[in-house]
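J.: Compute the structure for the input listed below.
(one chain, ligands or ions: 1)
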Amino acid sequence: MPADERNFLRELPKAELHLHLEGTIHSATVCALTARHGVRTTEEEVHRRYNYTDFVGFLDAFKWVTSFLREPADYALITHDLCEQLLEQNVVYAEVTLSVGVMLLRNQRPEANFAAILRAAEEFASRGLSLRWIFDAVRQFGAEAALRVVRAAKNCVYEAASAAGLHRLMHAGEVGGPEKVREAVELLHIERVGHGIAAVHDPALLDLLADRRIPLEVCPVSNLRTGALARQLRRSDVALEDHPLPQLLRHGVPIVLSTDDPAMFHTDLVGEYIAARQMGLSEGELRSLAQASFAHAFDLRSVPSF
Ligand SMILES: [Zn+2]
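T.: Predicted coordinates:
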């Protein structure tokens, strides 16, 4: 891609709406994090662990890196790093997912971690970065565990005096079929779908998403690296150019282009826009994707001018 086009994408104001804090830890920070807990790790080892071709490999790496998130100071460290990464790409607003279900599983106090996260992010507000937080319950942990996440979210939201309230969103149709997306929309009344690329197999579902203006948070590089794209397309040799993003977009489905776990997928938001360009999207379509990322934010106070 020519340098001027890359610069255009970098300078475009962007919002990031599907981003897991725990998936943003680059190798140097991973080493600092493990060292805090007495474990020596090299960047080469992190690269090795961050190299996988399927979902199981990704989950193993996710479990490994998050096992070093033990104290509020660990969360502060990775939040600080994330904020620098976002500003460097002119991402001025982000809704960041926290694995609160995992914190509770490890007997941590989410309130203490969250307070450290907010403190770390505070200084970046004056540099033009607004962050909001999504508390994530892990489906496989069951309903009781999910309720504990809701309680923690309420405590933290009230403590932070946030006016944001709670919204509903869910990962669906990433590796599962289109029926998972339909259930999330019709039974759970979710407001945005994490991934949802399986919808491409069901034209009536695409119409439903387009009519109700329910966006899919599409993360192409993640889909490639976890094997989700290969699974949806039912073949093993897939490339970014095979991603259904253009088809979804041109069907009128609202799309929010996102990174998911950028450090773990060797990507960033500018990289996702470059990938979208490789899929044949025009400059105008890329600009409208950036605008859509703000249009579907849950708690945006001001929209940048384009
Ligand atoms: Zn995700």
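J.: hmm, which helix or strand of this structure has the shakiest average pLDDT?
T.: Least confident helix or strand, the chain: helix 143-159 with a mean of 79, by mean pLDDT, DSSP states H and E.
J.: Show the pLDDT at the residue lying closest to Ala61 once chain neighbours are set aside.
T.: Distance criterion CB to CB, 6 or more residues apart in numbering; nearest residue to Ala61, sequence neighbours excluded, is Arg49 at 4.8 Å. No exception for glycine: its C-beta is placed from N, CA and C like everyone else's. Arg49 carries a pLDDT value of 96.
J.: same thing with Ser99?
T.: 95.
J.: can you pull the contacts of it?
T.: Ser99 makes contacts with His20, Leu21, Glu22, Thr66, Asp136, Val138, as judged by CB atoms under 8 Å, 6 or more residues apart in numbering.
J.: mind checking the end-to-end distance for stretch 99-109?
T.: 12 Å (CA to CA, to the nearest Å).
J.: can you give me how far that stretch is from the chain middle?
T.: Centroid separation for stretch 99-109 versus its chain: 19 Å, with CA atoms, centre = their mean, to the nearest Å.
J.: And for stretch 219-230?
T.: Counting by CA atoms, centre = their mean, stretch 219-230 comes out at 13 Å from the chain centroid.
J.: State the next helix or strand along the chain beyond the least confident helix or strand of the chain.
T.: strand 169-172 (DSSP states H and E).
J.: Mind listing what's buried along whatever helix or strand comes next after that next one?
T.: Going down the chain from strand 169-172, the next helix or strand is helix 178-186, by DSSP H and E. Neighbour-count burial for helix 178-186 flags Pro178, Lys180, Val181, Arg182, Ala184, Val185 (criterion: 16 or more other CB atoms under 10 Å).
J.: now swap in stretch 194-206 and tell me
T.: For stretch 194-206, a neighbour-count test (16+ other CB under 10 Å) marks Gly194, His195, Gly196, Ile197, Ala198, Ala199, Val200, His201, Asp202, Leu205, Leu206 as buried.
J.: And the residue sitting furthest away from the middle of the chain, its phi and psi?
T.: Largest separation from the mean C-alpha position in the chain: Gly38, at 29.5 Å (CA atoms, centre = their mean). Backbone torsions for Gly38, taken as degrees, to the nearest 10, come to phi 80, psi 20.
J.: Val218 too?
T.: Dihedral angles of Val218 (phi, psi; degrees, to the nearest 10) stand at phi -100, psi 130.
J.: Which residues are in contact with it?
T.: His195, Gly196, Ile197, Leu245, Leu248, Ile255, Val256, Leu257, Ser258 are the contacts of Val218 under CB under 8 Å, 6+ apart.
J.: run the last query once more with 10 Å
T.: 18, 193-197, 243-245, 248-249, 253, 255-258, 260, 272, 276, 289 (CB atoms under 10 Å, 6 or more residues apart in numbering).
J.: Compute the distance between it and Leu240, please.
T.: With distances taken as CB to CB, to the nearest Å, Val218 is found 12 Å from Leu240.
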